[in-house]
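Chemist: Take a look and give me a structure for this.
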Amino acid sequence: MNTKINPRKVPQQKRSKERYQKIVDTAIELLGKVGYDDLTTDLIAEKSGISVGSIYQFFPNKESIIYSHAEASYLIMHDLFFEKVTKELKKTKKFTPEFVDFTLIAFEQTLSEVKGYRLINSILYTNEALLDLDIQSNERFAKSLAEKVILAMFPKVNKKRAFYISLMIVESVDSVTRIVDRTQKNSEKKQVLAELRTLLLVYFSSFQ
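Modeler: I've put the predicted structure just below:
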């Protein structure tokens, strides 16, 4: 899909920034209510009170609005998660099963803190650019995980391997998160997460 996704212009003045953000926030709210297929710029205009013409000054289409939110969300999610991890690392420098528990809980908390993330995650395959953004996000996570966690806790691991270890962890957690999100029963969600914990512990034990 070659749909244009970059905003037409980035707002500079306070009023323009507020209007820009209102458009994005309204789009994400409607995405959760009506779904991606029924989301239109006309509907966003009606709900936000901002004219279609004004929306088109910033965004060429709905895909661009969603992309703009996704791009910001991935960066916020990264920073929030590693802020939590950095604080925890000040308390412990040694790998323990409890650290795995902490990181899984911290990741789940971060997902809940980032507005609209799960909605974005559910429509990744509607636009190739969104999927590319998700891949870039995972690589960013892996790089930070390698630098801040793996190399700190496992000094015998070299930098190249640390990155690929981290990428395996990030991709595994990302995939399991999708399974959890589409699982209905809480008891089943807990079981899936328990299996993820076991997988991570076994993997970590292989290079201690």
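Chemist: Heading C-terminal from the lowest-mean-pLDDT helix or strand in the chain, find the next helix or strand.
Modeler: Here the helix or strand of the chain ranked lowest by mean pLDDT, DSSP states H and E is helix 117-122, holding a mean of 90. Scanning forward in sequence from helix 117-122 by DSSP states H and E, the next helix or strand is helix 128-145.
Chemist: which residues in this protein form helices?
Modeler: Remark: helices assigned in the chain by DSSP state H are 14-34, 41-48, 52-58, 62-89, 97-113, 117-122, 128-145, 151-153, 159-182, 186-205.
Chemist: I'd like those helices as a markdown table, with mean neighbour count and distance to Ile5 appended.
Modeler: From N, CA and C alone the C-beta is placed, and that goes for glycine too. Converted to a markdown table, these look like this (neighbours: other CB atoms under 10 Å; distance: least, CB to CB, whole Å):
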| stretch | mean neighbour count | distance to Ile5 |
| --- | --- | --- |
| helix 14-34 | 16 | 13 |
| helix 41-48 | 17 | 14 |
| helix 52-58 | 16 | 13 |
| helix 62-89 | 18 | 4 |
| helix 97-113 | 15 | 23 |
| helix 117-122 | 18 | 13 |
| helix 128-145 | 17 | 5 |
| helix 151-153 | 17 | 35 |
| helix 159-182 | 16 | 21 |
| helix 186-205 | 13 | 32 |
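Chemist: These: lowest mean pLDDT?
Modeler: Ranked by mean pLDDT, the helices of the chain bottom out at helix 117-122, with a mean of 90.
Chemist: Export that one to PDB, keeping only CA atoms.
Modeler: Provided in PDB are the C-alpha atoms of helix 117-122 (Å, rounded to 0.1, in the frame of the first residue of the first chain):
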ATOM      1  CA  TYR A 117      -1.300   1.600  21.800                       C
ATOM      2  CA  ARG A 118      -3.300  -1.600  21.700                       C
ATOM      3  CA  LEU A 119      -5.600  -0.100  19.100                       C
ATOM      4  CA  ILE A 120      -2.600   0.700  16.900                       C
ATOM      5  CA  ASN A 121      -1.200  -2.800  17.500                       C
ATOM      6  CA  SER A 122      -4.500  -4.300  16.300                       C
END
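Chemist: For this protein, which residue occupies the most central location?
Modeler: Residue closest to the average C-alpha location in the chain (CA atoms, centre = their mean): Tyr74, at 4.4 Å.
Chemist: For the residue nearest to Ile5 when sequence neighbours are not counted, give me its contacts.
Modeler: Spatial nearest neighbour of Ile5, excluding adjacent residues (CB to CB, 6 or more residues apart in numbering): Tyr67 at 4.2 Å. By CB atoms under 8 Å, 6 or more residues apart in numbering, the residues touching Tyr67 are 5-6, 127, 129-130, 133.
Chemist: returning to what we had before: list the contacts of the residue nearest to the centre of the chain.
Modeler: 133-134, 136-137, 140.
Chemist: Now flag whichever of those residues is closest to Lys156.
Modeler: Proximity of the contacts of Tyr74 to Lys156 (CB to CB) peaks at Arg140, which lies at 24.9 Å.
Chemist: Can you give me the distance of that closest one to Phe95?
Modeler: Taking CB to CB, to the nearest Å as the measure, Arg140 falls 22 Å from Phe95.
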